[in-house]
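> return atomic coordinates for the entry below.
(chains A and B)
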Amino acid sequence: MFDIERWQEILEAISKNKLRTFLTGLSVASGIFILVILLGFGQGMRNGIAHEFEEDAATSVWVWPGETTIAYKGLNPGRYIQLRNEDYSQVQGLFESQINHMAAFLFIRGVSAVYNNEVLAYDLAGTYPNMQFIENESIIQGRFINEKDIAQRSKIIVIGRNIRDEVFENDSDVIGAFIELSGIPFKIVGVFTDPSGEGEENRMFIPMSTAQVVFEGADHLENLSFTLPVLDNFDVSVAQSIQFKKDITRHLKQKYQVAAEDTRAIQVWNPMEEAKRYFTLTDNIAFFFWFVGICTIIAGVVGVSNIMLIVVKERTKEIGIRKALGAKPWSIVAMIVHEAIFVTAVSGFGGLIFAMGLLEILGPQIEVDYILNPSVNFNVALATVVLLISSGAIAGFIPAWKAAHIHTIEALRDQ
Amino acid sequence: MGMIEIKDLHKSYQMGSNSLHVLKGINFSVAPGELVAIMGSSGSGKSTLLNILGMLDEANEGSYVLDGVPIKNLNETKAAQYRNKFLGFIFQSFNLINYKSAAENVALPLYYQRMPRKERQEKALKYLEQVGLKEWATHLPSELSGGQKQRVAIARAMAAEPKVLLADEPTGALDSKTSYEVMDLIQKINDAGNTILVVTHEPDIADMCKRIVHLKDGVIVEDKKVKQVRAADYV
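This is a model prediction of the structure:
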């Protein structure tokens, strides 16, 4: 509804009370500003958490043993559980239908690594080819460990990017160079990067079979790691990972005679489940932010409503005149509501644009754990706009209703 | 058939536990083209009668028929519509909207008739011309004298081309010279065939009408035709 007359009247009323309208508008603008910033940070936390969980493949599951803490079937607590190759092939066979990739680590300690007479103080582990997918490593030079390496117990080594950067002068020298492990030369065949950055790029991997044989690891494994099939539905994925966690724990506990309630002997890290917990948390935080933001807007709306009440009071006589000349109650209501919507909408958009601008400029610069690129998406912006218009209408309605039902004779008498 | 037919009109106000009987059975009719003065001291009920005639208030009893249309049980919207279509108001304190120009004030009743803007402006100018204020069209009320303001108000009352003009002490806020100018204008409008009711307590103003109705304590005590004094003779 475009009505020049009414727009003129609104602008007239506003221009006569610039300061008052400005202060009212400010309360609405700051309400929207706070809401949008809060929502932006809510989204930022979501992004941040999603990022934290990107480090390993999203559907990964990690299983490692520890000491028993509960006596079970006549066995004393304090028994150390050792995973072995046999477990690896058993689990692989048993859970074939549930898992996507499977691998394991054997950490090798107390072995000196030397390159070019320089001692390399980096973590060393034996592993399987599939670890690449579980750890989410990307190869930037050469290749990862492959099945042939496992079968032939090749003396090859794959290193993290950080090692390459710290040890080698030229990237081109890396592949084909030899690192000596306890005096045995291992040929570098690849360099990988890890999404979680430097910490995880300070590692060197050799084939599991080589590690077990050369470094007296017997048939020991330090852990079992898996990825589960990737599914579109997040909740189904979570359910799947929880089910797998339960199944594999039960299997290993049965095999090693561990009490069902012993949480130390067999431990499982399931990022999916953790992610679910965090996402539930961020959902709750987002809900809380909406709540706080809306309360702030309500405060602003009450301000507008208050001002409109004063406007109505000041214009009582005018409203009386209009009614005497034949203004219908609804046209009075529409006039006041229109003004209220106009004030809330203009100031609210101001706050919205300011907040979005701030998020746009400062958002990408924020580098804190668990907060990443706070921003608001189009739907949220749209929701706040709807919120604005409707709160403007609510803010105007009560004063307008009051105005429309002023008794004409009394209104005309008002000075 | 009269323009206004009023039969046995009663109105009382509830003041706490007391009831104040203001109009105690008014019978009164006005023919088209009449210029009627309603006189009475304060408290006589003349303002109440005018408010009922103006559909700003409703009687407790009795009937009110305006040009064949019974005015009864109107809701606010309907009353607003009737006021807009049938009645033109002239007030003692002019009641112009102070941030609107003379022309915009005159055009206001037409706005509520949903007349297109262009047409409204033309009509407002036409009526301003009739009251001799065409060149003041763009001025705000604060830039006009009392007499000019009342003439703008008369133009506004005329703009909607109502059946009846209701003037409540139209000269109450004016000195006698401007009062006569305003009455001269009212007489001319009446000469053109318009029905006008003037509430006043000034005998000289009442004498410029064609008929005087005297109210006292809520009843009509006198209703007589008079020989009209032409205001133009005094201007």
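
> once you drop chain neighbours, what's closest to residue 228?
With no chain named, the answer covers chain A. A:Thr59 (4.3 Å; Cβ to Cβ, 6 or more residues apart in numbering or on different chains). Any C-beta I mention is one placed from the backbone N, CA and C, and that applies to glycine too.

> that's the other chain; I wanted chain B
B:Lys210 (5.2 Å).

> need the contact list for whichever residue of the stretch 251-400 of chain A sits closest to chain B.
Per Cβ to the nearest Cβ, A:Gly326 is where the stretch 251-400 of chain A lies closest to chain B, at 2.3 Å. By Cβ atoms under 8 Å, 6 or more residues apart in numbering or on different chains, the contact set of A:Gly326 is B:80-81, B:83-85, B:109, B:112-113, B:160.

> restrict the residues you listed to those near chain A?
Among the contacts of A:Gly326, proximity to chain A is found for B:80-81, B:83-85, B:109, B:112-113, B:160 (Cβ under 8 Å from any Cβ of the partner chain).

> looking at neighbours, which among the residues you listed is most surrounded?
For the ones next to chain A among the contacts of A:Gly326, the largest number of neighbours (other Cβ atoms under 10 Å in any protein chain shown) sits with B:Pro109, at 30 neighbours.

> got phi/psi on B:Pro141?
Here is the backbone geometry of B:Pro141 (degrees, to the nearest 10): phi -50, psi -30.

> cool, the one 5 residues further on as well?
The main-chain torsion angles of B:Gly146 are listed as degrees, to the nearest 10 and equal phi -60, psi -50.

> just the pLDDT at it, thanks.
For B:Gly146, the pLDDT comes out at 90.

> what's the answer for B:Pro109, then?
92.

> where in the chain is pLDDT low?
All of this refers to chain A. Within chain A, the ranges that satisfy pLDDT under 70 run A:1-2, A:53-57, A:415.

> my bad, chain B
B:1.

> tell me which parts of it are close to chain A?
Neighbours of chain A within chain B, by Cβ under 8 Å from any Cβ: B:51, B:54, B:56-57, B:76-77, B:80-81, B:83-85, B:89, B:91, B:95-97, B:99, B:108-109, B:111-113, B:117, B:156, B:160.

> filter those residues down to the ones in helices?
Counting by DSSP state H, those place B:51, B:76-77, B:80-81, B:83-85, B:108-109, B:111, B:117, B:156 in helices.

> and which of these is nearest chain A?
Distances from chain A to these, taken by Cβ to the nearest Cβ, are shortest for B:Asn84, at 2.3 Å.

> surely the closest one touches A:Arg322?
No: B:Asn84 lies out of contact with A:Arg322 (Cβ atoms under 8 Å); the separation is 10.4 Å.

> hey, what's in contact with both of those two?
In contact with both B:Asn84 and A:Arg322: B:Tyr112, using Cβ under 8 Å, 6+ apart.

> list the contacts for the closest residue to A:Pro399 other than its chain neighbours?
Using Cβ to Cβ, 6+ apart and skipping residues adjacent in sequence, the residue nearest A:Pro399 is A:Met308, 3.9 Å away. By Cβ under 8 Å, 6+ apart, the residues touching A:Met308 are A:336, A:339-340, A:395-396, A:399-400.

> distance of A:Met308 from A:Ala400?
Separation of A:Met308 from A:Ala400 (Cβ to Cβ, to the nearest Å): 7 Å.

> overlap in contacts, these two.
A:336, A:340.

> pull out the buried positions in stretch A:76-85.
A:79, A:81, A:83, A:85 (16 or more other Cβ atoms under 10 Å in any protein chain shown).
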